[in-house]
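Q: when you get a sec, could you give me coordinates for this:
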Amino acid sequence: MTLGACSLWPFYPAPPPIANLPATWSGDVTCPGCVPHQQALTLFADGSFHLRDEYPASKRRRGSEVFFDVGRWSRLSGDESRLILRGGSEAVRQFRLQADGHLRQLDPSGSDIRSIRDYVLNRETGLDPIAGPMRLLGQLSIHADAVRFQECLTGRDMQVIEALPVSVSKQYRVAQKLLDADAETPVLTSVLGSFSARLASANESAAGPVWQLDIQRVKRFWPGETCAIGAGAASLPLRDTPWRVLAIGNEPIPADPLAPPLALRLHDDGHVSGHSGCNTLRSAYRADDNALSFDAVSTTRRACIGPSQQALERAWLQVLQQTAAYRVVGSYLELLAGDRVLARLIANEMH
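A: Numbering: from 1, shown residues only. Sure thing, here's the model as predicted:
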């Protein structure tokens, strides 16, 4: 959804080189020979960002998949045209603001991507808030007169605009009792929610519109946990979390901005989707306690670009065949065969 400049999204004049935020940039960032990939990025003048990666349905992909990220953005000291985005993914994202106002995607080291493709996001005339719904992690507090949620990656402290079900409130109170805490103590909570904004009321100190959150579903409480990101974070659920492969065995996956990441998603209905670096993959899985196994994996039939990608695809598919158990630690997933770690993955989406 694209909104005009008269929307209620928090708006502040930003210092050069980026004028009139919030603003949205979008474009096609499909690498050569890869599945279609559309990206949209909205920057807000309070230093937060929303990003959406969309892989539309195609001849090689039965359905579309969408991944979100949120977090904080800043400019690099000494090079204010270079933007650094820190969100839920392990590595920072980097862009360069061009003289024409568009954003050029950079590689993980901050250098231009050398490719026949032009990895540029064009500034849009309208605003796409990229509001969700998306998975969010934050501190939930329920009081008699209000429900609030402080999101971990952006730091926003937001009013929850719809009343939560009575059953959720009861679970929240149980979580507080586990902490032996009073009614004012927030509880780390994973939710599915959508952002919105409203005008500040007369008794509020905000200079402009303020953030709100519409929670569609509360997924889990983590009593006693904090907003730590990484191994110290509250463990994410195995199912329905998009995972990206960091390492196979002891070998880290080399950063390649031109190749799709090795990816895995175990859906609630028992089917598996993902990517091998060359092809999309499909399978089914069985999980019980810490046991995990995959059925035979089917892939599309696109040839890999070069022997290194082919070897990586073969190694990843072999990991799935050998997996017998799993372990989730914070935002990391380990696929196991006995005591041996076959692969290590990280949540590819903010929590």
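
Q: CA only for contacts and neighbour counts going forward, please
A: Will do.

Q: what sits against the residue lying closest to Glu313 once chain neighbours are set aside?
A: In this structure, Glu313 finds its nearest non-sequential neighbour in Ser276, 5.1 Å apart by Cα to Cα, 6 or more residues apart in numbering. Contacts were defined as Cα atoms under 8 Å, 6 or more residues apart in numbering; by that measure Ser276 touches Pro261, Leu262, Ala263, Leu312, Glu313, Trp316, Leu317.

Q: and the fifth one, how many neighbours?
A: The one in question is Glu313. Using other Cα atoms under 10 Å, the number of residues around Glu313 comes to 19.

Q: now do the SS call for it.
A: Three-state assignment for Glu313 (DSSP: H, G, I helix; E, B strand; the rest coil): helix.

Q: roughly how far does it sit from Ser298?
A: The spacing between Glu313 and Ser298, counted by Cα to Cα, to the nearest Å, is 12 Å.

Q: same deal with Gly33?
A: Distance from Gly33 to Ser298, by Cα to Cα: 19 Å.

Q: check Glu184 too.
A: 51 Å.

Q: one more: Arg148?
A: Arg148 is 44 Å from Ser298, by Cα to Cα.

Q: and for Ser115?
A: 30 Å.

Q: so for the two, which residue has more residues nearby?
A: Ser298 (14 against 11).

Q: surely Ala287 is within a helix?
A: No: assigned with three-state DSSP, Ala287 falls outside any helix and is strand.

Q: counting neighbours, what do you get for the closest residue to it other than its chain neighbours?
A: Among residues not flanking Ala287 along the chain, Ser293 sits closest, at 6.7 Å (Cα to Cα, 6+ apart). By the other Cα under 10 Å criterion, the neighbourhood of Ser293 contains 20 residues.

Q: shift numbering so it begins at 33
A: Yes, from this point I'll number from 33; that puts the last item at Ser325.

Q: which SS state does Ser325 fall under?
A: On the basis of three-state DSSP, Ser325 is classed as strand.

Q: tell me which stretches of the chain form helices.
A: Secondary structure of the chain (DSSP state H): helices located at 198-211, 339-354.

Q: mean pLDDT added to those helices, as JSON lines?
A: What follows is the helices of the chain, written out as JSON lines (pLDDT from 0 to 100):
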{"stretch": "helix 198-211", "mean pLDDT": "85"}
{"stretch": "helix 339-354", "mean pLDDT": "93"}
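
Q: which one of those helices lies closest to Ala379?
A: Ala379 lies closest to helix 339-354 among the helices of the chain, at 17.0 Å (Cα to Cα).

Q: that'll do, ta.
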